[in-house]
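Visitor: Sequence plus predicted model, see below.
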Amino acid sequence: MSGQDAPAEEPRSRVSVTRWAADLAMGGRFAVTGGRESWARTIMTAVGVGLGVALLLLASSIPTAYELRGERSDRRAALGFEVDPKPGPDTIRLGQANTTYRDQDIEGLVMAPDGDSPPKPPGIGHLPHPGQMWVSPALKKLLDSDDGKLLRDRFPYRTIGTISHDGLSGPSDLRYYAGITHKTFDRVGSDYRIDRWGTKNVGKPEPLNPALLLLIIVGCVVLLLPVLIFIATAARFGGERRDRRLAALRLVGADIHMTRRIAAGESLFGSLLGLAVGTGLFLLAREIIGGIEVWGISFFASDIVPSTPLALAVAVAVPASAVMVTLVALRGIAIEPLGVVRNATPKRRRLWWRLLLPLLGMALLLPLAGGFGSGSGGGDMKAYQAAAGAVLVLVGTTALLPWVVEAVVERFGGRGSVPWQLATRRLQLSSGTASRAVSGITVAVAGALALQMLFTSVQAEDATSTGQDPTRAQLMVSVPVANGTQAHDAFDRYRTTKGVRDLLGVTEDYISDVHRSKDDPSSVPEEAITIADCPTLREVVRITSCKNGAVFLVDSPSYYGEGEGFAKPGAKVNLAYHDDGTPDLREKKVWTIPRSATKVKPRQDPGGGERTGIFATPGAFDVADLPDPQASAMIRLDPKVPDGVEYVRNASAVLSPTIDVMRLTSTEQSDEFTVIRKALFIGATATLLLIGASMIVTTLEQLRDRRRLLSVLVAFGTRRTTLSWSVLWQTAVPVVLGLALSIAGGLALGVMLLKMVGQPLAVDWTGLATMTGVGGGVILLVTLVSLPPLWRMMRPEGLRTE
Amino acid sequence: MSIGHTLLGLLEGGPRHGYDLKRAFDERFGHDRPLHYGQVYSTMSRLLKNGLVEVDGIEHGGGPERKRYAITDAGITDVEGWLTQPERPEPYLQSVLYTKVVIALLTGRDAADLLDVQRAEHLRLMRDLTQRKRGGDLSDQLICDHALFHLEADLRWLELTAARLGQLAKAVRS
Amino acid sequence: MTPAGSLLIATSLHKTYGHTPALDGADFSIHPGEVVAVMGPSGSGKSTLLHCLAGIVKPDSGSVHYNGRELTTLSDAERSGLRRGEFGFVFQFGQLVPELSCVENVALPLRLNGTKRKEAEDRASAWMERLEVADVAHKRPGEVSGGQGQRVAVARSLVTGPRVLFADEPTGALDSLNGERVMELLTEAARESRTAVVLVTHEARVAAYSDREVVVRDGKARDMAGVR
């Protein structure tokens, strides 16, 4: 060959191209016409590749989906600014009227146009007139359902239509726009004006927190690696039978290269079919995802569009990798005309390069310790380095698995019960098949575990203690009131609301000194005044005795030194304020702090706040004297009444459409983390199911190849249970080893990740237990699904060979 | 090879002249070795003497004497006995066995049964030989093996014939 | 021939697979220590007869009587138990568990019956010695010759001391020398322990190791012992 002259090269290469094409086409034909077994193999490959492709396409749609969703959210944003636009024909007065109904957040705006040409938000036909509202389809459904009965009372508006697709972030978006009169706005605490909808920073999301970025990178790796492993496994389905057919081809004169090309053609056909199946599955999943809501996030089916370069990459890489896997798998065997010769004594698996991978990964991650995202520059490089390191650790863990399985199984030595003996001996003979299937689980579990650790720790930091004490009160409401009487009325309304057991109501306002400040003549010192009855005062200041008429003082240490405040027993204070909220010293309204007022220490209220200033009982100070009071109610609910919160919210809506009822909890969590964590959990679950499916296929294939042996075992009286247990052990041993390895790898990676983002070490035991449980579930699932076919194959018909 | 039994079997289909008998015999069994007429004549006179056939009639003409023979009841019993008695298993039985199968088919008897019985006979001898082989030394074993292989060959032929009885019956009766 | 004193008697067995009748009124009987060859052309129903006799397959009708028990009325578990305890099996090929070593294969029926591993393998070794395959005890079936593998299978079929041994073309995959040696060892061992052997074969030289033969043709079995 090499001795040929250059001119001869040209035609020969053309010949070899046609040769290639012909052989590939022949392989494709075998995939179709090779009889039932060929079809089964092709279909299995196609389904495997299809599942993988669907998952990859979904993954590649995430950026677009978020972007489209974000764009719509941006377009309908109603942002208030420091300085409101002047009321004019094109301005709207707005109030944020968000509410919550049984843990579902509902976003709402109340609005009243100032003129004739107000801009309207996307998705509705016209601005709602007073008493009208537009609702999102999801909210309409909720309101129309039996579940939403209680919610209907909260909206004193007539529904005039549904918000269309343009104005929604997703199908499960709970949203309304309600029209109210300008008069009603008096009862709106914080109203503002806008002259246009939407925000300008479309497509410019703020940079993600580095820990989050790391989570997302590793998350993608954790999800995608098992899919690739699954595709690799799927391409090997039915390999033994294919090899026998290739041997038959060798007998009639095909050379080794031809058989390889034919095999490649066969798996190429299967994976091209898989590409089609995957596209179909993707379209199906898209419709399904378009209809469901997961943890408050939903997407329109039309949002889920894979980004073109990623989709193209999938379309090229998947078939190519299937062919690669086939060729690699063929390397280990020699297909001779008279049969398939496997390397009689399989090479012992070598440890060194398997260890090298995770070590290399660690070496990449170590320098990042403590420095990830610290703003020291090279952010992109660091992200790549982190991703590469994580991938190497995970891949390395997987690569170690076959070695570990082989090394461990070799030590079993055939002791134990018959099923155990059958299973371990089987594994000793061919641990590779088992390891391959399980390796997907290893990646998924190791990755998920590392992520869980990162989550737990990041979450622990992020879930700031609110200081709230839900044992003292469960709800807190701030009611905008015009005067003390209204505050009083509001408290009465809440007291009589169903489900409310008790209420601590405080009315607050500011008072000022009667003089300008000596140090800074431009300002007047101010102090808070809180009026409440004795039981309520006990919840906010530390007092031992209290009766109506008493006044207490708490210094605010941040402004003044101890005892330096102007609010002292016997001091005069000013109650008069201008409309813009500054003290009015010209037409002062003076009140004298009683000499009996005692100094006390503050106490954290149930809402976690500490109040300072003057605390007066109603007998000492008349709330009606307050110019611009703010009423706050801390509500204790009757635990026996279900939906107490909802009744309180409904009562609030009557007072003002924009009242926010706060539920007191001791900790709170960033939504961002919850969403990512849950998304990854879905992904991990889906991946594990995928791996389970491939294990089932492998197990069934193995059983079918041993059909005759099974029949013989039945002939001499083997019990079903014996063989069932052996299938269980056969699945369990590699899975348990895989889990052990992945726990080790996952912990190591987790530690590294925590070090990188500078978090304290914390092992997530629940995550560990969950993953172990899921692994066990996969074992059981595979066994259970394999049992019916196993029992079917144990019928004596298998003995009939003639 | 029992020419007498064969001729008797051929007569079961109905009375024939001696010459017809020779022709029928040659047609079915005498492919490479036609029967001499003298052989037919001497066999028939022996059968006549033993009362297995009788002269049905004589034609006188320009040629040799033409007797027409018919089988007697004793003759039928004799054929029956011949067919049901397995042959002693020995090499080169096929022409006898073939003749017997054809006669059985011609006379409407159960040829498969005949073959089964013959196989049982062969197997009996094979069992004896196998037994002897187990007890004997190497030379015994080799000799027995020789016989066993020959018997096995015959047995295989029996199996094959049994499998093709339907085909053969059609050919014989046509 | 006479059912009296028989260990296993089957009368008028019928079995149909799909629309193909495999057995059409077959009778069979065997005494303890007797070796009976079941002969007949391919597809005549030999193997089906064996499967019915061994309680692997339930006949559509007819009865199989073994040692005072009617097999056709036993549950699957009871029949499996019987096969484990009292029957032994040798097949033509594909019967050894490829991942177990030879001695483990031989010990398998004992272990299925609850015998401890050590004891089971000791007894297995003894039988392997008897069948002249002690040297391959720790090899896997894939590493031994066909003749050795078949002897291992015979050892396995005899290790439980079965009362009836069912052998379906036990020498089908062997050359004549190996085949005869296997048959010699098998029948010798069976006669010694008064094990009845049902030997399905189409080979005359294998059938010659039997005491009598039964010919199966068109789903009917014909006992040739009384025919003379």
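Guide: Looks like it came in fine. All figures in this text were calculated on a predicted structure; none of them were measured in a lab.
Visitor: and for stretch A:124-134, what are the contacting residues?
Guide: Applying Cβ atoms under 8 Å, 6 or more residues apart in numbering or on different chains, the contact partners of stretch A:124-134 are A:92, A:111-113, A:118, A:120, A:123, A:155-164, A:167, A:176-181, A:184. The C-beta positions use only the backbone N, C-alpha and C, and glycine is treated the same way.
Visitor: From these, keep the buried residues only.
Guide: A:92, A:111-113, A:118, A:120, A:123, A:155, A:157, A:159-160, A:162-163, A:167, A:176-180, A:184 (16 or more other Cβ atoms under 10 Å in any protein chain shown).
Visitor: And the spatially most central residue of chain B, how close does it get to chain C?
Guide: Closest residue to the average C-alpha location of chain B: B:Lys100 at 3.3 Å, with Cα atoms, centre = their mean. Noted for B:Lys100: a distance of 16 Å to chain C, by Cβ to the nearest Cβ, to the nearest Å.
Visitor: next one: A:Trp403
Guide: Counting by Cβ to the nearest Cβ, the gap from A:Trp403 to chain C is 20 Å.
Visitor: Could you give the separation of the strand ranked longest in chain A from the chain centroid?
Guide: Ranked by residue count under DSSP state E, the longest strand found in chain A is strand A:500-513. Centroid separation for strand A:500-513 versus its chain: 40 Å, with Cα atoms, centre = their mean, to the nearest Å.
Visitor: Provide the strand pairings for that strand, with the direction of each partner.
Guide: Strand A:500-513 has its sheet partners listed here by DSSP bridges as strand A:526-531 (antiparallel), strand A:572-574 (antiparallel), strand A:630-637 (antiparallel).
Visitor: I'd like the ones you listed as a markdown table, with mean neighbour count and mean pLDDT appended.
Guide: Below are the strands paired with strand A:500-513 laid out as a markdown table (neighbours: other Cβ atoms under 10 Å in any protein chain shown; pLDDT from 0 to 100):
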| stretch | mean neighbour count | mean pLDDT |
| --- | --- | --- |
| strand A:526-531 | 22 | 85 |
| strand A:572-574 | 19 | 85 |
| strand A:630-637 | 22 | 83 |
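Visitor: Tell me which of these lies nearest to A:Ala54.
Guide: strand A:630-637 (46.6 Å; Cβ to Cβ).
Visitor: immediately after that closest one, which helix or strand?
Guide: helix A:644-655 (DSSP states H and E).
Visitor: Using CSV, write out every CA atom in that next one.
Guide: Extracted in CSV, the C-alpha atoms of helix A:644-655 (Å, rounded to 0.1, in the frame of the first residue of the first chain):
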residue,chain,number,x,y,z
GLY,A,644,-56.9,30.9,59.9
VAL,A,645,-54.3,32.8,58.0
GLU,A,646,-56.6,33.0,55.0
TYR,A,647,-59.4,34.5,57.1
VAL,A,648,-56.9,37.1,58.4
ARG,A,649,-55.8,37.9,54.9
ASN,A,650,-59.4,38.3,53.7
ALA,A,651,-60.0,40.6,56.6
SER,A,652,-57.0,42.6,55.6
ALA,A,653,-58.1,42.9,52.1
VAL,A,654,-61.2,44.8,53.3
LEU,A,655,-59.0,47.2,55.1
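Visitor: Buried residues, it. List them.
Guide: A:644-653, A:655.
Visitor: The residue in chain C positioned nearest to chain A: neighbour count?
Guide: As assessed by Cβ to the nearest Cβ, chain A sits closest to C:Arg84 within chain C, at 3.1 Å. Close neighbours of C:Arg84, defined as other Cβ atoms under 10 Å in any protein chain shown, add up to 20.
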